[in-house]
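give me a 3D structure for the following:
(2 chains)
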Amino acid sequence: MTTTIQPRLTKVFRFVRSSYADGVAELAYAFDDGEELVERIRFPNAPAVPAGRAAAFDAALKLLHLIAGISYYKAGVPPKIEVADGPLDDATAELLDQLYLHGLAEFAYRNGLDLRGHIAFPRGGTAPAVAALDLPKRTLVPIGGGKDSLVAVEAIKSIGGEPTAVWVGNSALIAACAERTGLPTLNIQRELAPALFELNRLGAWNGHIPVTAVNSAILVVAAILYGYDSIAFANERSASAATLEYDGQQVNHQWSKGYAFEQLLGNWLHTHVASDLDYCSLLRPYSELAITRAFAKLTPYFDVFSSCNRNFRLLGPKPVDRWCGQCPKCHFVFLALAPFLPKPRLLAIFGRNLLDDEGQAAGFDALLEYQDHKPFECVGEGAEARAAMYALSQRPEWQEDALVARFRSEILPQLDASQLALEPWLEPSSEHRVPARLQAALAAIGG
Amino acid sequence: MKFGGTSVATLPRWQNIRELVASRRAEGARVLVVVSALTGITDALKQLCGEGGQDKRRAAAGAIAQRHYDLLEHMQLALPDTLGERLGELARLAEDGPTARGELAWQAQVQAQGELMSSALGAAFLSHSGLPTQWLDARDCLAAVALPNQNERTRLLSAMVEAKPDPALNARLAALGEVFITQGFIARETHGRTVLLGRGGSDTSAAYFGALLKAQRVEIWTDVAGMFTANPRQVPGARLLQRLDYEEAQEIASTGAKVLHPRCLSPLREPRVPLLIKDTNRPELDGTVIGPEVRAHAPSVKAISARKGITLVSMESVGMWQQVGFLADVFAHFKQHGLSVDLIGSAETNVTVSLDPTENLLDSDAIAALASDLAKVCRVKVIAPCAAITLVGRGMRSLLHTLSGVLAEFGQLRVHMISQSSNNLNLTFVVDEEVVDALLPHLHDLLIAAGALRTDDSALFGPSWQTLYGSGETVGAVPAWWRQSQRQRLLELATETTPRYVYHLPTVRQQARELKSLAAVDRLHYAVKANTHPAILQALAAEGFAFECVSPGELEAVSAIVPEATPLLFTPNFAPREDYALALATRATITLDALHPLEHWGELFRGREIVLRVDLGRGLGHHEKVRTGGSASKFGLPLDQLAAFLQLADTHGVIVRGLHAHLGSGVLDVAHWGEVYVQLASLAERIASVVLLNIGGGLGVPAHPGEAALDVAELDRVLNEVKAVYPQYQLWMEPGRYLVADAGVLLARVTQQKHKAGFRYLGIDTGMNSLIRPALYDAWHEIVNLGRLDEPATALYQVVGPICESGDVLGTDRRLPEAQEGDVMLIAQAGAYGKVMSSHYNLRDEADEVVIDA
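The predicted model follows:
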C-alpha cells in the first residue's frame, strides 16, 4: 500500500464501480481517498447475458455490489456512505439500511459499537419498472454441507423440481455433499479484495457479517445469467429468533437467514429485477427438529455431511475429520438428531457420544439457555433444545448418559414438563414465501 | 492353492499363477487351484441382481461378459466352450429374472457365475500354456448341510459344508489328472440347488477341499505375506507372524485381521492340514504357516488388534445378585430384539455386554426397544462408539506380569470393560473408539519394549510390514558416521580422555539440508535447547536457520554467535516478567502461552506483535514427559481461553501475528503435523491479524534398529496439501533433536564388570550425570563397543554408570562382545538433550565436548 490508512479512523465508505465481463464480476470499493478494494466473483462456464435479461442483470449486479460491500464497510464503519453512480431509490436504500444495521448487529455488539442512526445509504433516485422474464422453471439450491440444505435438495428432487446444487467458494466438504446429491452442480468462486487482509493487519474492525445476504445476491446474478426462476434457501423458522437483546436492540446472529430479510429481498427482486424471479426458503415453516427428523431419513448423506462450524478444508475419512465435537453446531445437531436416529447410528456419525461427556456440560447448557444466553451460532431455539433433551431423558437408552442424567436431576425439576413436548415442534407453520411451483416440496419435508 | 479376485484379473497375474502351480508340480505335488471371480465381478453380479428391469440386467450381463472377452483377448485365446456355456447361462439368467426360480435361488445362481467363468477361463489358459488342467465343478464336491438355525436366505447365500476326508474323491481325481481348477464360494445343497458360502467364501472353499482331500497343505495366495502382529495400516511396524496354531490364528482373524476369514480354519483343524498364507507378488517371502503343532516357545503375545463400532450395554441392578434366572431373562431380551452378544463382563451387580455393528443395530429401533425392556429390571446404559482392543497369544494369563506398562497406558483411558476367556488366548479391553488410531501403534511398541511380544524370537516373528512393503528408508541403510569413517578418530579421542561428547558437523548439515527440502515450510528455527554448542549454532546459522530460544540465557548464547540479521524466536514457559522485558529489547519474536502476561503486564506488550501458543487438547510423543500438548501438560493456552486472550490483546493493543502449537517430541507419523497445521489454520481464520503458523518440532529420530525414519518427502507432501488450501499463512517449524541427535555420540570407557542374580553388569565411567535421557524418558540409545565392532556379540549386558542411583542404567539387555576394562564404549544419538541436560551430580566431572568437521 502506498498510503497507510487507519481503518477505524476513515470518514467515507465509497461504492466505486461494478462491472461484469466473461464470467467475472468486479466490485470496487474504497475508504476516503484510499486505494480501491476490488472483489472478484467468478461464474463458471458463463453464457453471454441474454439480451432480454440485460436490464435485470445490471440491476442484480448493482445489488450484489451494494450487498457485498458489507465485508469492506465493516472494516472502518465510517459515518458516511457514498455511491458513485448516484443515489438509490427508496426501496433499495431501505433494503440496504436494514441489512447493514441488522446484519452487523452482532458485529457491533461484539465490538462495543452502536450503529443505530449511523448507516444511511443515499436516497432519492427513481425505481425502475420491471416485468416478467419468462425464466426457465428450475431452481438454484445453495448447499452448505450441513443437513438443512440436503433436506431441501431431497425435497425438491422428490417433486421433480429441477434443482441445481450451487455453492460459493472452495469447500471439499460441500463438494463431497454436492456430488452425493447426484444433481447438476454450480460452484461460484468469490475472491475477497486482497487489500482487505492488509486493512485487517492495520487494525480494521472485525467480526461477523451476514454472509447469507452476500451469497443470496451472488445467486440472484447467477439466476439471471444462467436462467433460473427461483432460488430456494434452506433457512428454518428459528433463524428469525434473536440471539439476544442488547441495549434495546435485537441481535440475531442469523439475521440474513431470517424471514424479515427473506421478505425484504424477495419483494425487492419482484420490483427491481424480474417479477418472476422468486427468492425463498423452503424450510421456513419448519423448526430445526422437524428438519432433523426429515434428515434422519437421508442415510446416504450420513458419512459426508457436517454442520460443524470449524472450517474443515481438508477432509478425512473419520468422524473427527468432520465434527469437532466442541462447537455449538456439533452440540445442537447431535442433540436434535438424537430423538430421530437409533443411538448407535448417531454415535457412528459423530464418532463419540457428546452427551456422555461431562466436559461438554457448559456447551449444552448454552443450547438449553440454562445459565447462559443462546450462543452466537446458527442453532435452534432454546425451547427446541430442551424438548429434544427432554425426549432423550425419557428414553432408557439415553437416560444414563452423563449429561442426560444431569438434565434429569438438575435442570428438569426447574422446568414445566408440559412445555417440553417434541410433537408441537414437528408441526409446520404457515409462514413462508415458497412459490406455487415448489409448494409440493414443502409437504415432502413435513411428511 | 487358492487365488483371489485381483490375482485372476489380468494376464500377468495368470502367468504368475502358472509359474506357481508349475513349481508345486515340480515338487511332485498334485495341485488343485481354487479361484475367486475376477475382481469386481461378484459386485457387478450382485448389482445385476438388484436391477429391476430386464434391459438393465441384460446390459449388466453384457458388461460382465465383456470383461472376460477382454482378458481372453490379452491371453490370445479363443473363447473356450466351457466359458461360452457360462456366458450363455448368465445371459439366460439375466433374461429370465428371479421369478422362475425364486428370488434367493436365482441370486445364488447368478452370483455363482463369477467363479464358474473365472475357473473356465483359467483352465483354458493353463492348459494352453502347457499345463494340462482339468476343470472341476466345485458343486459336485462340496455338499452344503442344512443346519437348524438357518433360514432360506442363510441356507442359500451363506451355506455351510461339512468337509470330512473323502478318499473316494481323491481316487476319482487321481484318475483324471495332476492339475485341477475349481471355484471358490459355491456349493450345492441337498435339493441340487446352487448355494453360496458367504463372506470369505473362497478361502473357506479352499479349506473344505483341503479337508476333503486331506491335502498336504492349503495355500492361500493373496496380496500380503500373511498375518501380522497388528493391522499394518494402523501399525506400519507390525511384524509378520511366521507360525501360528489354528486357535491363535482363528482368534486373530476373528478380532480384526482381514487376510483370512476365521471360518476357513475350523475345517482344517481335525484332519490337521496346515494352511500357508503367501504373497502372490512376493513368493520368496516366508508367509504365515498355520498348523496344529505348538512347538516349545516362550509364551508371547502374538498380535494386537482393534475392532471399531462396538456398542456396549451396561446393566446395573442388585436384583441379579444370587437370583436364579435373572441373566437368562436379560439375555432373552437380546435374542428377542435380534441382537447378538459378543463379549461379556460381569460383577455381582453389573453385567456389561458388547454388540457388534450390525445393520440391525444401526438402522432399527432394536437398541431403543431393548433398553426399554431392560429398564424394567435394571438400570441400563448404552455406551458407544467403542472399540475392542484385543491381545492374542496362547497362555495369555502367564504373560500378565509383563504387561504392566501396557496396563498403565490403559489406566489413562476410559476402559469400559475387560474380558478374558477361559481358553486363555486373548485379553480384550473395550475403550472409546476415538482413541484407538493413536493408541494402537503405541501399544504395539510398548508390548515389544515390555518383552511381551517376543520379536526377538525369529522362529515366530518375521520382518516388519514397513521393511517388507514400506517405502521409507530404514535405519542402518547408511551406516552411521561413527561406525566407519570416523571410528579410528573417535578411538583416539577416547584415549585422550573420557567421558566426552563428540559432535559431527557434516551430519548436522546433512540433517539441516534434509529439512530445508521441505518446500512448504517458510522458516525453520533450530530449537537450541537440544544442543547449544557454538559450533553447532554456527553451522546451522550458515545453513540459513533461524533460532528458537526459551530463556534469556539461550538468547544471549545465540546472539553471541549468529549474525545480526538472523531471526530469533523466544518461546518461554512460566517465565518471570523480567524475561519478557529483556526479550522485548531484542529482535526476538515473542510467544505467549497464558493469559497471565497480558492480564498483569499487558502494557509491557503494547503495540507489539506476538505469537500465541495454544493447546489443541491432546499430546503426542514417545514418552509421557515429552508430551507438551494435552490437558495434562503445562504448555499452551487452552482453547476455551482464546476469546479472553484476544480481548486482552485488543485492550493492550497487542497484535497476534501467529499461532503456535507443539504437541510433543519423537513423533514419526507425518500425518500428525498435517493435523496440527490444519487445526491452527482453521483457528487462525477467525483471527484476522494472524499471518503465520508455527507447527513446532518434535520430528522423530528412530532409535531402534529396523524402525522407519521420518519420511521427509511425505511430510512435505502433507504440509503442501494443507498449504494449498491455506496459502495466506506463512509456515514455521522449530525442529531441535532431529538436527543434532544423530550428530553426537558420548564416549566412555569400561570400568568394572559384575555378575549378579543372573545379570551381567558392564560399568562405564559416566552415566545419568552425562546422559539422563534413558533414566528420565526410558529413551533407548544404541550402545556399541567401539574397539570391538567386528567381534561377535555373545554377552548380554546391563550397561550402567557410576552414579549412586539404581536408575543409573544406560541400556538394558544389550547384546555386545565380551568387554575388557578400558574398552571404549560409544553411546549413539547423544547429540540432542545430552550435554545440555548433564549435571555435576555426585560431583563427578562433566563430559567435555569435541567437534569434528570433516
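
in the stretch 51-200 of chain B, what residue lies closest to chain A?
Nearest residue of the stretch 51-200 of chain B to chain A (C-beta to the nearest C-beta) works out as residue B:56 at 17.2 Å. Quick note: C-beta positions are derived from backbone N, CA and C, even for glycine.

sorry, that was for the stretch 451-600 of chain B
Relative to chain A, the nearest point of the stretch 451-600 of chain B is residue B:520 (13.6 Å; C-beta to the nearest C-beta).

which residues are in contact with that residue?
Going by C-beta atoms under 8 Å, 6 or more residues apart in numbering or on different chains, residue B:520 touches B:716, B:719-720, B:722-723, B:731.

one more: residue A:100?
A:70, A:73, A:115, A:119, A:121.

element containing it?
helix A:90-103 (DSSP states H and E).

and that helix, average pLDDT?
For helix A:90-103, mean pLDDT rounds to 96.

in that helix, which residues are buried?
A:92-93, A:95-103 (16 or more other C-beta atoms under 10 Å in any protein chain shown).

what's the helix or strand just after that helix in contact with?
The first helix or strand that comes after helix A:90-103 along the chain, using DSSP H and E, is helix A:105-111. Residues from elsewhere that reach helix A:105-111, judged by C-beta under 8 Å, 6+ apart: A:74, A:113-115, A:205-209, A:243-244, A:246, A:249-253, A:255, A:376.

which of those are close to chain B?
Near chain B, judged by C-beta under 8 Å from any C-beta of the partner chain, the entries from the contacts of helix A:105-111 are residue A:206.

so how far is the helix or strand of chain A with the lowest mean pLDDT from its chain's centroid?
Here the helix or strand of chain A ranked lowest by mean pLDDT, DSSP states H and E is strand A:244-246, holding a mean of 78. Counting by C-alpha atoms, centre = their mean, to the nearest Å, strand A:244-246 is centred 20 Å from the centre of its parent chain.

that strand pairs with which strands, parallel or anti?
Taking DSSP bridges as the criterion, strand A:244-246 forms sheet pairs with strand A:249-251 (antiparallel).

buried residues of the strand it pairs with, list them for me.
A:249, A:251.

quick check: next helix or strand after it?
Following strand A:249-251 in sequence, per DSSP H and E, is helix A:259-272.

list the buried ones in that following helix?
Of all the residues in helix A:259-272, those buried under the rule 16+ other C-beta under 10 Å are A:259, A:261-262, A:264-266, A:268-270, A:272.

ok, stretch A:235-249 next?
Under the neighbour-count criterion of 16+ other C-beta under 10 Å, stretch A:235-249 has A:235-243, A:249 buried.

next: stretch B:488-505.
Judged by neighbour count using 16+ other C-beta under 10 Å, the buried positions of stretch B:488-505 are B:490, B:493-494, B:498-505.

do the same with stretch B:358-376
Across stretch B:358-376, burial judged by 16+ other C-beta under 10 Å covers B:358, B:360-362, B:364, B:366-375.

would you map the strands across the stretch 401-550 of chain B?
B:415-419, B:426-432, B:461-464, B:500-504, B:523-527, B:546-549 (DSSP state E, counting those that start in this stretch).

ah, wrong one, I meant the stretch 1-150 of chain A
Using DSSP E, counting those that start in this stretch, strands in the stretch 1-150 of chain A cover A:12-21, A:24-31, A:37-42, A:80-83, A:139-142.

list the residues that contact residue 277.
As the question left the chain open, I've gone with chain A. A:56, A:133, A:135, A:220, A:223-224, A:228-231, A:269-270.

meant chain B actually
Contacts of residue B:277 (C-beta under 8 Å, 6+ apart): B:219-220, B:222, B:224-227, B:259-260, B:287-288, B:290.

just among those, which is most surrounded?
Within the contacts of residue B:277, residue B:290 tops the neighbour count with 31 neighbours, counted by other C-beta atoms under 10 Å in any protein chain shown.
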